[in-house]
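Asks: with the sequence up front, the predicted model follows.
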Number of protein chains: 2
Amino acid sequence: MSQEQIIPAAGGVGVRLRQGERLRVIDPQGGQSGDVFAVSADGAERLSNGRTFDYQGKIYLSTGDVLWSDRSRPMLTIVADDVGRHDFLYASCTIEMYRLQYGVKGNHPNCADNLGNALRGLGVDPGPPPTAFNVFMCADVGPDGALSFRPPPSRPGAAITFRAEMDLAVALSSCPASTCNGGQPPRPLAFEVLPPA
Amino acid sequence: MSQEQIIPAAGGVGVRLRQGERLRVIDPQGGQSGDVFAVSADGAERLSNGRTFDYQGKIYLSTGDVLWSDRSRPMLTIVADDVGRHDFLYASCTIEMYRLQYGVKGNHPNCADNLGNALRGLGVDPGPPPTAFNVFMCADVGPDGALSFRPPPSRPGAAITFRAEMDLAVALSSCPASTCNGGQPPRPLAFEVLPPA
């Protein structure tokens, strides 16, 4: 039986998926973006935005699209999506980003640490700071390549569901950055693991 | 004294840069794309497209723009650019990509191996397959996020010049893929290292 679990506001969690299982990521309050990063169960392959852009022929991904590994194997297929817009351009926020862009002096929660700690908790080496699939995050590319943010369009209870195409270690983070959350403080996300359809 | 060196067609080379030195990458015949990947001299930081998109606020980069590391330090500044369009979306081509997209059965030259071997030659661990800065490569993003290729707009002798913002190990590759070279077979590129301006 599946059961929803919480991703704490500005926090992260890790979960192992078997091939065929589905991961549903939910935005309970709406308007909150999150990071989804996947590594093959043996740690040898990582989610790759550049490989995914290549094979899908587009940068905005939704139902029916596949997220690929850096070794050209399908990792996750988006099988349902209430929202329709997510980001795969921005690297996960890091402590250095908060120092540079927000003037933070001490520590600050960040997705790269959340994802790294979650993977370590699953016994997987997270490797270099990742670019995750940023669920519910909305960044537009202008005709000249300029980037601009809109608040996440996810309404309360909106969800995106992925099917695991291989055995995976997956890390999830509720993004602490106000810029990609419509200026709001971070709120929790939730997830559930569903059996093969 | 600087001197132009050849990057063989479909091949790669490595070069170390000291902070302040400039790297000029030249397309002698025109219409050929290449990969530029940088790692900090100690191997701890890697070039990051996602970090660069964030800090530059755009996906198309040219003169005056900075390429950032995954630890949020400037690596390379574009100080001169005859062409004006380059790509930072596509992951470097890999052997798996040629098998999947071109139906290659045996081996095939590829940028990921070229870059990895070049970095190993400099004594640096290349880490996971990279997304390099794809000089002269022209991929357009449509309003709906769809990607399309145009031939590299570089005319014979066109060049792009980077200034090293830290001590770096840099790998260069002449891309073997016909899709990003206007359907033509790979041709050589060239480079020279210039002293601080």
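Replies: Nice, I can see it.
Asks: and the pLDDT at residue A:39?
Replies: Looking at residue A:39, its pLDDT is 98.
Asks: phi first, then psi, for residue A:129.
Replies: Residue A:129 adopts backbone torsions of phi -50, psi 130, taken as degrees, to the nearest 10.
Asks: quick one: contacts for it?
Replies: Counting by Cβ atoms under 8 Å, 6 or more residues apart in numbering or on different chains, residue A:129 touches A:91, A:92, A:94, A:112, A:116, B:48, B:70, B:71. Backbone N, C-alpha and C define where each C-beta goes, glycine included.
Asks: keep only those of the residues you listed that are in helices.
Replies: A:112, A:116 (DSSP state H).
Asks: out of the contacts of residue A:129, the closest to residue A:135 would be?
Replies: When the contacts of residue A:129 are compared for distance to residue A:135 (Cβ to Cβ), residue A:92 wins out at 12.3 Å.
Asks: ok, the closest one touching residue A:172?
Replies: No - look at residue A:92 against residue A:172 with Cβ atoms under 8 Å: they stay out of range, at 11.5 Å.
Asks: okay, and the common contacts of these two?
Replies: A:35, A:37, A:115.
Asks: the last one: what's it in contact with?
Replies: If I follow you right, that is residue A:115. Remark: with contacts taken as Cβ under 8 Å, 6+ apart, residue A:115 is in contact with A:12, A:35, A:37, A:92, A:126, A:130, A:132, A:171, A:172, A:173.
Asks: give me that answer again for 10 Å
Replies: Residue A:115 makes contact with A:12-14, A:35-39, A:92, A:126, A:129-130, A:132, A:170-173 under the criterion Cβ atoms under 10 Å, 6 or more residues apart in numbering or on different chains.
Asks: where's it relative to residue B:148, distance?
Replies: 32 Å (Cβ to Cβ, to the nearest Å).
Asks: please enumerate the helices of chain A.
Replies: For chain A, the helices defined by DSSP H cover A:49-56, A:95-102, A:111-121.
Asks: for the closest residue to residue A:156 other than its chain neighbours, phi and psi?
Replies: Leaving aside its sequence neighbours, residue A:156 sits nearest to residue A:30 (Cβ to Cβ, 6 or more residues apart in numbering or on different chains; 3.9 Å). Dihedral pair for residue A:30: phi 90, psi 150, per degrees, to the nearest 10.
Asks: can I get the contacts of residue A:129 in CSV including distance to residue A:166 and neighbour count?
Replies: Compiled in CSV, those are given as follows (distance: Cβ to Cβ, whole Å; neighbours: other Cβ atoms under 10 Å in any protein chain shown):
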residue, distance to residue A:166, neighbour count
A:91, 24, 26
A:92, 22, 26
A:94, 27, 22
A:112, 23, 26
A:116, 21, 25
B:48, 25, 26
B:70, 25, 25
B:71, 29, 19
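Asks: of the contacts of residue A:129, just say which sits nearest to residue A:25.
Replies: The closest of the contacts of residue A:129, once distances to residue A:25 are taken by Cβ to Cβ, is residue A:92, at 15.3 Å.
Asks: where's the closest one relative to residue B:51, distance?
Replies: Residue A:92 is 9 Å from residue B:51, by Cβ to Cβ.
Asks: which residues touch residue A:192?
Replies: So residue A:192 contacts A:1-5, A:15, A:22-26, A:159, A:161 (Cβ under 10 Å, 6+ apart).
Asks: nearest to residue A:197 among the shared contacts of residue A:92 and residue A:172?
Replies: residue A:37 (23.4 Å).
Asks: tell me, how many residues neighbour that closest one?
Replies: Around residue A:37 there are 27 other residues, counting by other Cβ atoms under 10 Å in any protein chain shown.
Asks: who touches it in this structure?
Replies: Counting by Cβ under 10 Å, 6+ apart, residue A:37 has contacts A:12, A:14, A:46-47, A:92, A:111-112, A:114-116, A:118-119, A:126, A:130-134, A:169-173.
Asks: need the phi and psi values for the closest residue in space to it that isn't next to it in sequence.
Replies: Ranked by Cβ to Cβ, 6+ apart and with sequence neighbours excluded, the top spatial neighbour of residue A:37 is residue A:132, at 4.0 Å. The phi/psi pair for residue A:132 (degrees, to the nearest 10) reads phi -90, psi 170.
Asks: and residue A:132, how many neighbours?
Replies: Neighbours of residue A:132 using other Cβ under 10 Å come to 29.
Asks: let me know the pLDDT of it.
Replies: 98.
Asks: mind listing what it touches?
Replies: Counting by Cβ under 10 Å, 6+ apart, residue A:132 has contacts A:34-38, A:47, A:49, A:87-88, A:90-93, A:111-112, A:114-115, A:171-173, A:175, B:50.
Asks: same thing but at 6 Å, please
Replies: By Cβ atoms under 6 Å, 6 or more residues apart in numbering or on different chains, the contact set of residue A:132 is A:35, A:36, A:37, A:92.
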